[in-house]
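Colleague: coordinates only, sequence not included:
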DNA sequence: CCTTGACCTTCCCATCATGGGAAGGCCCAT
DNA sequence: ATGGGCCTTCCCATGATGGGAAGGTCAAGG
């Protein structure tokens, strides 16, 4: 099958499939005489694996490691689990960070009248940050 | 004061101060005869405002709008609040998305032995995504 | 047989916010 | 006057993705 079909079947854009090939994440497929890439079902399988990893927030480098483990029939599940747990920690830390920002803003917004008047604790807070927070 | 001191006082790197100037986020400061940028306390004030907005996850474009509102003495606090609330929704949506990824992974990892054996539901799940999720 | 349209190829550019580093100029204290 | 620590501009890199141009290919239908 051509790249278009592989893309449709895997949910990975043709653009990204070529990119993944260029960075060595996936192996270059066969080519027709006219240089068209030719994919097999197995390649689609791999692409779906990558798609799933990306959807779960793994970076391409992490995905590369996961792919290596996937292909290594002698892998230890502990290695996979360690990778996943580390990633879970990253995800939760980032989620907490975003939520903390939201909470801070929500607190400021709660005291903002939100009417025609110009006074607003949000702007006041932004403007009133301490002068030397890093040094003090 | 020179850019180094403005940077230290505002917590914004010299690199970023120049960049913010280049994209018109902040106004170009005066220059010495030798082309050194010269900042006043007010400029540091503005930089800290930008820093705070960035720390709370506002994009530079959103920060630009906030700055405009800040400088507009006739602003309506409702406009500020609307901007903040929209941003809060974005932050919370992103936080929830990350947390959902973490939850999914945690669920998969819970069933992974994490020992020397190769079997791992994480990899199995990644490999077993439906073939035509978009079309089916 | 030729045209048309849908596909494919490579290549370059843009995003967003930031950092690294080179090459060169400036300023001040010793 | 020299050295070190500033400053200047300019170019490049990141991570993952999309947009689009210019040109080649393939299959179907007239």
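Modeller: Yes, it's here. Given the structure is predicted, the values throughout are model-derived calculations rather than measurements. Numbering: from 1, shown residues only, chains lettered A, B, ... in the order given.

Colleague: Check which helix or strand the residue lying closest to residue A:26 once chain neighbours are set aside maps to.
Modeller: If you skip the residues right next to it in sequence, residue A:26 has residue A:20 as its closest partner in space, 4.8 Å away by C-beta to C-beta, 6 or more residues apart in numbering or on different chains. (C-beta placed from N, C-alpha, C; glycine too.) Here residue A:20 sits within helix A:14-22, counting by DSSP states H and E.

Colleague: could you point out which element follows that helix?
Modeller: Proceeding C-terminally, helix A:14-22 gives way to strand A:30-31 as the next helix or strand, assigned by DSSP H and E.

Colleague: So which other helices or strands are in contact with that next one?
Modeller: With contacts defined as 3 or more C-beta pairs under 8 Å, 6 or more residues apart in numbering or on different chains; DSSP states H and E, the secondary structure elements packing on strand A:30-31 are strand A:37-38.

Colleague: Please see if the strand it packs on touches DNA strand D.
Modeller: No - with C-beta under 7 Å from any atom of the strand as the criterion, DNA strand D is not reached by strand A:37-38; the gap is at least 10.8 Å.

Colleague: Pull the residues that contact stretch A:72-85.
Modeller: Identification of contacts with stretch A:72-85 by C-beta atoms under 8 Å, 6 or more residues apart in numbering or on different chains yields A:62, A:65-66, A:69, B:105, B:108-109, B:112-120, B:122-123.

Colleague: Can you list which of those residues are found in strands?
Modeller: Members of those lying in strands (criterion: DSSP state E): none.

Colleague: List only buried entries from the residues you listed.
Modeller: By the neighbour-count criterion of 16 or more other C-beta atoms under 10 Å in any protein chain shown, the contacts of stretch A:72-85 include these buried positions: A:62, A:66, A:69, B:105, B:108-109, B:112, B:114, B:118, B:120, B:122-123.

Colleague: quick one on the thing from earlier: for the residue nearest to residue A:26, give me the pLDDT.
Modeller: Residue A:20 is assigned a pLDDT of 97 by the prediction.

Colleague: burial count for it?
Modeller: Each residue near residue A:20 was counted by other C-beta atoms under 10 Å in any protein chain shown, and the total is 19.

Colleague: So which bits of chain A are right by DNA strand D?
Modeller: Counting by C-beta under 7 Å from any atom of the strand, the positions of chain A adjacent to DNA strand D are A:13, A:15-16, A:19, A:32-34, A:36, A:54, A:59-61.

Colleague: Name the member of the residues you listed with the most neighbours.
Modeller: Taking other C-beta under 10 Å as the neighbour criterion, residue A:16 ranks highest of these with 18 neighbours.

Colleague: one step back: if we only consider the buried ones among the contacts of stretch A:72-85, which is nearest to DNA strand C?
Modeller: Each of the buried ones among the contacts of stretch A:72-85 was checked against DNA strand C using C-beta to the nearest atom of the strand; the closest is residue A:62, at 19.0 Å.

Colleague: Verify the stated contact: residue A:18 with residue A:3.
Modeller: Yes - with contacts counted by C-beta atoms under 8 Å, residue A:18 reaches residue A:3, the gap being 7.4 Å.

Colleague: residues bridging contact with these two, i.e. touching both?
Modeller: The overlap between the contact sets of residue A:18 and residue A:3 (C-beta under 8 Å, 6+ apart) consists of residue A:37.

Colleague: I am finished for the moment; much appreciated.
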